[in-house]
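Peer 1: Below are the sequence and a predicted model; questions follow.
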Amino acid sequence: SLFGQTLSTLGDGNPKVSPCLAVIGEVMNKVKSSAGDAKERLVDVCVKYTGRSKLACKAIVDLGWPHLMDAIGGISLKIAEDIFAQTGILMYQDAAQAVYILEDEGGWSWEDVVAALLEKTSGIGPRVSMGSEPASWATMNSQIWNAGTSIVTPIDNATAYYYQSYLQQDASATFRVLPSPQNVTPRSYIPARFTVMLGSGTDAQAPYPFCATEDCFGVGLTIQGSNTGSSTSRVLASLGPSFQQAFTESAGRLPVQMVAASSSAAMGAAILNPITAAVSDECANMATWVSNATDGESWAVAGRTLETGAYREVNQSNIDALGENSVQALIDGAYTDNSGIAWAVSSGATEVLTVLNGGDGGVGSLTPLFQGSGAYYGVGFTKMAQFQIFAETATSILDAYSEMPVLQIPVGSNTYLKQMTWGTLNVTTVNNEWFGIREGTTVTLRVLAVSSSEISMAGFTDYYHYGTFLNEMTSTIAYGPNAEAVRTIVDTFYLGGGR
């Protein structure tokens, strides 16, 4: 059994794992000392992603927490295996995956996770690039792949961490954003995207710039280092040229594994907190790191710069290397555009199909695009920036969504499936500089939303229930009373018959 090994045994012969385990121990002590806050956050996450009541989620967390803390304190996978099996904690499956990836990749970085996931499940290895030959259907009608991501640009008094050590209390390497020379209101994250014309080859350039402007609004960084009382610094005047050569001019050579990682690093904002940033010490880095290197080497050069530099010692030379290579963090596109709609509209789309899912059907990913949603949502490293691109109010969109038709769920197919909603919204754009969108364009949004209960992306879901959930959806789609609605969805949403 994979869990039959201890973490210390796991570290034997793997120089990357041992320091990783030491840092995890330090950070877990910090987590245990603030258990109340952490438990409350877990409850909130459970409610949001599973559709369970707060009372039910609190019961789950209360049951598992003391056992989880004991397992962490003992740093023993065998103990963890026994505890998870006895209590039925749903996070057991995630823990099993994490240990597998640690063994296979030697680390728990998000880049490690995505690389292992894509290669083991679909054969997408490190040599598959955005310009590689795709499946034949993907080259029809000159399709462009937009993969959204978010650039971390800490503002006000915020700081982002390349490195924070709890083994050397004073050692850290950080960055903050410089004031933009352009007349734009600073944001904590800047929307960005990787783009390529599918099937255009490894020499292809991106059809669109990485940010909405080629110079990425002129944003630059101040990089600072601190080590036992001494400090160093380096100014990176502008990120625009780095992104241009790394991602726009080398689009066809960008590794799909790394593009997917930078587009999906959901916990990447943990680098904005010194405690959670501590695990970046050659360990579980949840952000992805890029550089100005060309030919698809952006992530590899950033990784080497950190691992051979600031992760070993924070000094002027290593801080200079971060600046010379323009090392910067990219995290999940959800921090700026969770639906992907904004970049689609920016690319010229006037008809967009959005497939949503979640406890509320995923409609919460739509409302940030409309008037009245505010500049940010969430707290801590779950805080996301919101960008209005449509003139209509969020309230009016929720009202329209509530009146959309739903498919009839057959008897016996509602264990996890609660509702399948479909419909059309006709909306109008407003000016948005961050996505390069201009006002006055009418956009047709085709909405297909799946509401579920006790099913989420990770942590609180028994993955063996996914098969049942999928069967409930397909049974509903094939159900006789839904035949006319399904024909309309297929014809209008997918085949373009409604144009």
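Peer 2: Thanks, I have it.

Peer 1: Now do the buried residues in stretch 294-305.
Peer 2: Residues of stretch 294-305 classed as buried by neighbour count (16 or more other CB atoms under 10 Å): 296-303, 305. All C-beta atoms are positioned from the backbone trio N, CA, C, and that covers glycine.

Peer 1: so where do the helices sit in the stretch 251-400 of the chain?
Peer 2: Along the stretch 251-400 of the chain, counting by DSSP state H, counting those that start in this stretch, helices occupy 256-264, 274-277, 298-305, 316-324, 334-337, 341-346, 394-402.

Peer 1: how about the buried residues of stretch 294-305, which pair is most distant?
Peer 2: Pairwise distances across the buried residues of stretch 294-305 peak at 16.1 Å for G296 and T305 (criterion: CB to CB).

Peer 1: Quote the end-to-end distance of stretch 244-259.
Peer 2: Using CA to CA, to the nearest Å, one end of stretch 244-259 lies 15 Å from the other.

Peer 1: Give me the average confidence score over that stretch.
Peer 2: For stretch 244-259, mean pLDDT is 97.

Peer 1: Need the contact partners of it.
Peer 2: Contacts with stretch 244-259, where a contact means CB atoms under 8 Å, 6 or more residues apart in numbering, come from 111, 114-115, 118-119, 124-132, 147, 194-196, 200-206, 209-210, 214, 288, 290-296, 298-299.

Peer 1: Let me know the helix or strand that the nearest residue to Y208 once chain neighbours are set aside is in.
Peer 2: Of all residues not flanking Y208 in the chain, T195 sits nearest, at 4.7 Å (CB to CB, 6 or more residues apart in numbering). Using DSSP states H and E, the element containing T195 is strand 189-197.

Peer 1: what's that strand packed up against?
Peer 2: When contacts are defined as 3 or more CB pairs under 8 Å, 6 or more residues apart in numbering; DSSP states H and E, strand 189-197 packs onto strand 144-152, helix 256-264, helix 334-337, helix 341-346.

Peer 1: State the three-state secondary structure for V43.
Peer 2: helix (DSSP: H, G, I helix; E, B strand; the rest coil).

Peer 1: What strand or helix carries A483?
Peer 2: Judged by DSSP H and E, A483 forms part of helix 483-488.

Peer 1: Low-confidence regions, the stretch 301-450 of the chain specifically.
Peer 2: Within the stretch 301-450 of the chain, the segments meeting pLDDT under 70 span 379-381.

Peer 1: Kindly recompute the last result at 90.
Peer 2: The stretch 301-450 of the chain contains residues with pLDDT under 90 at 307, 310-313, 357-365, 373-384.

Peer 1: could you pull out the strands for the stretch 151-300 of the chain?
Peer 2: 160-164, 172-177, 189-197, 221-227, 230-236, 288-290 (DSSP state E, counting those that start in this stretch).

Peer 1: circling back: now the buried residues of stretch 294-305 in JSON lines, with distance to S339?
Peer 2: Below are the buried residues of stretch 294-305 laid out as JSON lines (distance: CB to CB, whole Å):
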{"residue": "G296", "distance to S339": "28"}
{"residue": "E297", "distance to S339": "31"}
{"residue": "S298", "distance to S339": "26"}
{"residue": "W299", "distance to S339": "26"}
{"residue": "A300", "distance to S339": "31"}
{"residue": "V301", "distance to S339": "32"}
{"residue": "A302", "distance to S339": "28"}
{"residue": "G303", "distance to S339": "30"}
{"residue": "T305", "distance to S339": "34"}
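
Peer 1: Now do the contacts for the residue lying closest to Y416 once chain neighbours are set aside.
Peer 2: Spatial nearest neighbour of Y416, excluding adjacent residues (CB to CB, 6+ apart): F469 at 4.3 Å. Going by CB under 8 Å, 6+ apart, F469 touches 415-417, 452, 455.

Peer 1: Weed out the non-buried ones from those.
Peer 2: 416-417, 452, 455.

Peer 1: and the strand holding T195, how far out from the chain's middle?
Peer 2: 13 Å (CA atoms, centre = their mean, to the nearest Å).

Peer 1: Partner strands of it, with direction?
Peer 2: Here strand 189-197 is paired, per DSSP bridges, with strand 144-152 (antiparallel).

Peer 1: and the angle for the partner strand with strand 221-227?
Peer 2: Per axes from the mean of the first three to the mean of the last three CA atoms, to 10 degrees, the angle that strand 144-152 makes with strand 221-227 is 50 degrees.

Peer 1: for the record, mean pLDDT for strand 144-152?
Peer 2: On average, the pLDDT along strand 144-152 is 95.

Peer 1: relative to strand 160-164, how tilted is that strand?
Peer 2: Using the same axes, to 10 degrees: strand 144-152 against strand 160-164 is 70 degrees.

Peer 1: Keeping just the C-alphas, turn strand 144-152 into PDB.
Peer 2: Presented in PDB, the C-alpha positions along strand 144-152 are these (Å, rounded to 0.1, in the frame of the first residue of the first chain):
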ATOM      1  CA  ILE A 144      -8.100  29.600 -31.300                       C
ATOM      2  CA  TRP A 145      -7.300  28.300 -27.900                       C
ATOM      3  CA  ASN A 146      -7.600  30.900 -25.100                       C
ATOM      4  CA  ALA A 147      -6.100  29.700 -21.800                       C
ATOM      5  CA  GLY A 148      -6.800  32.400 -19.200                       C
ATOM      6  CA  THR A 149      -4.400  33.000 -16.300                       C
ATOM      7  CA  SER A 150      -3.800  35.800 -13.700                       C
ATOM      8  CA  ILE A 151      -0.600  37.800 -13.100                       C
ATOM      9  CA  VAL A 152       0.000  38.400  -9.400                       C
END
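
Peer 1: where does it sit relative to the chain's centre, distance-wise?
Peer 2: Distance, centroid of strand 144-152 to centroid of chain: 10 Å (CA atoms, centre = their mean).

Peer 1: thinking again about what came up before, so in terms of bridging, what pairs with the residue nearest to Y208?
Peer 2: On the basis of DSSP bridges, T195 is bridged to N146.

Peer 1: I'd like the numbering to begin with 389 instead of 1 from here.
Peer 2: Taking 389 as the first residue, the last one we looked at is T583.

Peer 1: you'd agree it is up against T537?
Peer 2: No - T583 is beyond contact range of T537, at 11.1 Å (criterion: CB atoms under 8 Å).

Peer 1: ok, P567 - contacts?
Peer 2: P574.

Peer 1: Look up how far I543 lies from it.
Peer 2: 9 Å (CB to CB, to the nearest Å).

Peer 1: just T876 next, same as before
Peer 2: 46 Å.

Peer 1: Also G828?
Peer 2: The spacing between G828 and I543, counted by CB to CB, is 30 Å.

Peer 1: circling back: I'd like the average pLDDT over the strand holding T583.
Peer 2: 96.

Peer 1: Alpha carbons of it, in CSV - could you do that?
Peer 2: The C-alpha atoms that make up strand 577-585 are tabulated as CSV, following Å, rounded to 0.1, in the frame of the first residue of the first chain:
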residue,chain,number,x,y,z
TYR,A,577,-4.3,40.6,-10.3
ILE,A,578,-4.0,41.4,-14.0
PRO,A,579,-5.9,39.2,-16.5
ALA,A,580,-3.7,37.4,-19.0
ARG,A,581,-4.0,34.6,-21.5
PHE,A,582,-2.0,32.1,-23.6
THR,A,583,-3.4,31.9,-27.2
VAL,A,584,-2.6,29.9,-30.2
MET,A,585,-4.3,28.9,-33.5
